[in-house]
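A structural model of the following input is requested.
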Amino acid sequence: MSRMLEEIRQQPDALEKTLRSQLKRFERFKKLVQKRRPRLIVLAARGTSDNAAQFGRYLLEITTGIPVSLAAPAIYTLYNAGVDFRDSLVVAISQSGESTDTNLVLAEARKQGALTVGITNEATSKLAGLAEHVFFVRAGREKSVAATKTYTGQVLMLYLLAYALGGKIRPDDLARLPERAHLALQLEPEIAALSERYRFMDHAVVMGRGLNYATAFEFALKLMETCYVVAERFSSADFLHGPIALVEPNFPVFVFAPSGVTWPPVRDAVDKLRPLTAETVIITDASNRDAAAHPGNRLIRLPHGIRELYTPIPYVIPAQIFAACLAAQKGLNPDRPRTITKVTRTL
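I've put the predicted structure just below:
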């Protein structure tokens with residue numbers, strides 16, 4: 001068994017430890033930002049952490065109304081451009097805390113007097129020393145190159161950040177996420193069996209919308225780095241604006257489909273795939289009965305209903321399992337993908 005799969009299974013405990021250890025710290029941060037509410041939030045990250053930041057953009061804007069920007073580090077590291085961070089909250093997200101360009105963005109923001117936050121899994125990292133306020137993912141050491149438990153830990157941290165900024169996030173709802181993660185893990189035998197069908201898959205599309213747009217990015221990244229599958233990721237809206245022309249009979253399309261406001265447009269995209277005879281796999285939960293009624297599609301369905309707001313963590317776990325199992329089907333080691341390492345430093 002791969003370390004990646006072992007670490008996927010550790011996520012309920014990692015989420016519980018992270019929530020238990022960091023909630024009080026965010027309560028204190030909440031009191032601070034009530035006196036110093038930012039006009040803008042900037043999220044800086046790379047790789048898997050950048051997918052977490054993409055989720056954070058949707059979550060923070062939806063729940064707090066504060067505009068959110070995703071930092072483009074090259075603006076600072078290559079073009080040496082000056083950016084006004086006054087009255088902003090700048091958040092750097094990094095598993096290792098050693099991402100050079102992400103740290104440079106944070107350092108520049110703090111130099112200008114911006115409120116700075118670091119989210120990392122490493123207490124002794126450079127990031128932890130740079131940020132004014134640091135919050136730690138308590139996932140334990142992640143040995144597989146493919147990040148899983150640190151990703152969901154970062155997503156949980158962004159829920160807590162939204163809560164601290166006055167978003168309509170309830171700690172009681174967050175406390176249910178470890179159990180929802182545990183229930184998602186129960187799908188492993190079903191997903192392992194499904195992965196056999198895709199043993200020779202070398203290309204795919206992954207589709208999500210809204211809060212699960214980032215989930216699509218993260219699943220596609222896992223397929224690329226652990227299974228060497230060329231995986232394109234789209235929102236359902238962008239997909240219909242041209243990329244649907246990629247689809248031919250038996251083309252694999254993976255769709256994140258919670259019930260809620262994003263389901264009608266996602267359903268429209270799924271409906272357009274049917275006459276193309278695509279190989280469509282829908283990841284959903286028990287509250288979306290309409291998804292099960294669509295003939296010809298394969299379902300990965302969580303056995304409990306979840307509000308769309310809280311789906312990104314339990315939804316990404318079946319995707320992680322699928323990538324780990326598909327890598328095994330292909331005879332690949334997801335813990336040591338070719339040409340990449342755990343810590344990547346870029347400028």
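
Just the element for Val42, please.
If you go by DSSP states H and E, Val42 is part of strand 40-44.

Now the element after that strand, going C-ward?
helix 47-64.

what angle do that following helix and strand 40-44 make?
Calculated by axes from the mean of the first three to the mean of the last three C-alpha atoms, to 10 degrees, helix 47-64 forms an angle of 160 degrees with strand 40-44.

ok, residues contacting helix 47-64?
41, 43-45, 66-70, 91, 93-95, 99, 102, 147, 150-151, 154-155, 158-159, 161-162, 165-169, 210-211, 213-215, 217-218, 221, 312, 344 (C-beta atoms under 8 Å, 6 or more residues apart in numbering). C-beta here means a position set from N, CA and C on the backbone, and glycine is covered the same way.

quick one: average confidence on that helix?
Here helix 47-64 scores 97 as its mean pLDDT.

Buried ones in that helix, by neighbour count?
In terms of neighbour count (16 or more other C-beta atoms under 10 Å), helix 47-64 has its buried residues at 47-60, 63-64.

same thing with stretch 111-118?
Ala114, Leu115, Thr116, Val117, Gly118.

Could you point out which of those is nearest to Val261?
Closest to Val261 out of the buried residues of stretch 111-118 is Val117 (28.7 Å), distances taken as C-beta to C-beta.

now the host helix or strand of that closest one against strand 40-44, angle please.
Element membership for Val117 (DSSP H and E) is strand 115-120. Taking the same axes, to 10 degrees, one finds strand 115-120 and strand 40-44 inclined to each other by 30 degrees.

Can you name the element that comes right after strand 115-120?
helix 126-130.

ok, which stretches of the stretch 101-250 of the chain are strands?
For the stretch 101-250 of the chain, applying DSSP state E, counting those that start in this stretch gives strands covering 115-120, 133-136, 203-208, 230-235.

what packs against the third one?
The criterion is 3 or more C-beta pairs under 8 Å, 6 or more residues apart in numbering; DSSP states H and E, and the helices and strands that strand 203-208 contacts are helix 213-227, strand 230-235, helix 236-240, strand 252-256, helix 263-273.

CSV please, covering those and showing mean pLDDT, mean neighbour count and distance to Gln34.
Below are the helices and strands packed on strand 203-208 laid out as CSV (pLDDT from 0 to 100; neighbours: other C-beta atoms under 10 Å; distance: least, C-beta to C-beta, whole Å):
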stretch, mean pLDDT, mean neighbour count, distance to Gln34
helix 213-227, 97, 25, 28
strand 230-235, 96, 20, 34
helix 236-240, 91, 19, 36
strand 252-256, 97, 25, 34
helix 263-273, 94, 18, 35
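
Can I get those in CSV including distance to Leu183?
CSV is the format used below for the helices and strands packed on strand 203-208 (distance: least, C-beta to C-beta, whole Å):
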stretch, distance to Leu183
helix 213-227, 17
strand 230-235, 25
helix 236-240, 26
strand 252-256, 17
helix 263-273, 21
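
Gly129 is nearest to which of these?
Once those are compared by C-beta to C-beta, helix 213-227 is nearest, at 27.7 Å.

Now for Val270: which residues touch it?
So Val270 contacts Val255, Ala257, Thr280, Ile282, His294, Asn297 (C-beta under 8 Å, 6+ apart).

beta partners of the spatially closest residue to the last one that is not a sequence neighbour?
Going back to what we said before, that points to Asn297. Counting by C-beta to C-beta, 6 or more residues apart in numbering, Asn297 lies nearest to Thr280, which is 4.6 Å off, once chain neighbours are set aside. Beta-bridge pairing of Thr280 under DSSP bridges involves Val253.

Quick check: Thr280 touching Ala257?
No - using C-beta atoms under 8 Å, Thr280 is not in contact with Ala257, being 10.1 Å away.

Comparing the two, which residue is more hemmed in?
Ala257 (29 against 23; other C-beta atoms under 10 Å).
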